[in-house]
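> Give me coordinates for this.
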Amino acid sequence: MREMTATPDQRGTAGTPLPVRRIARIPVLALGTALGSFFALTFVLCVLFDLWFPALAMNPVWAPLLPGFVWISWPSFFLGLVESIAYGWYIALVFGPLYNFFVTRAEAGPRTRNC
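Numbering: from 1, shown residues only. You can find the predicted model right below:
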């Protein structure tokens, strides 16, 4: 019978190392700026849409979402704009750190227990 012996590259080496793919973390400042700008631009476009097509106006939907917003005056417009930006920052300040926390945990891999 032939005895199986390990070759030198099978004795304790792991073989070809695979590249480690790191999951990107989200920069909270960039996320807040992007979301705030996106919500502000969306708010302005929605106001313009409502002015051009008053029969299809969405401003009744905004009342519960934007406290203090009434259709339409300059102070109300700027209040809605500021609130839209604030919603974007709120999402960034809550979602960004949570995502980064869980990505960091996922990169660490599963924890082993020694019982």
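> Which of the helices and strands in this structure ranks last by mean pLDDT?
helix 59-65 (a mean of 84; mean pLDDT, DSSP states H and E).
> That one: which residues count as buried?
If you call a residue buried by 16 or more other CB atoms under 10 Å, then helix 59-65 has these buried ones: 59, 62. Using the backbone N, CA and C atoms, a C-beta is placed for each residue, glycine as well.
> Report the distance from that helix to the chain centre.
24 Å (CA atoms, centre = their mean, to the nearest Å).
> List the buried residues in the helix or strand that comes right after it.
As assigned by DSSP states H and E, the chain's next helix or strand after helix 59-65 is helix 74-108. By 16+ other CB under 10 Å, the buried positions in helix 74-108 come out as 76, 79-81, 83-85, 87-89, 92, 96, 100.
> Could I get those residues in JSON lines, plus columns for pLDDT?
As requested, the buried residues of helix 74-108 are exported to JSON lines (pLDDT from 0 to 100):
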{"residue": "76", "pLDDT": "92"}
{"residue": "79", "pLDDT": "95"}
{"residue": "80", "pLDDT": "93"}
{"residue": "81", "pLDDT": "95"}
{"residue": "83", "pLDDT": "96"}
{"residue": "84", "pLDDT": "96"}
{"residue": "85", "pLDDT": "98"}
{"residue": "87", "pLDDT": "97"}
{"residue": "88", "pLDDT": "98"}
{"residue": "89", "pLDDT": "98"}
{"residue": "92", "pLDDT": "98"}
{"residue": "96", "pLDDT": "96"}
{"residue": "100", "pLDDT": "94"}
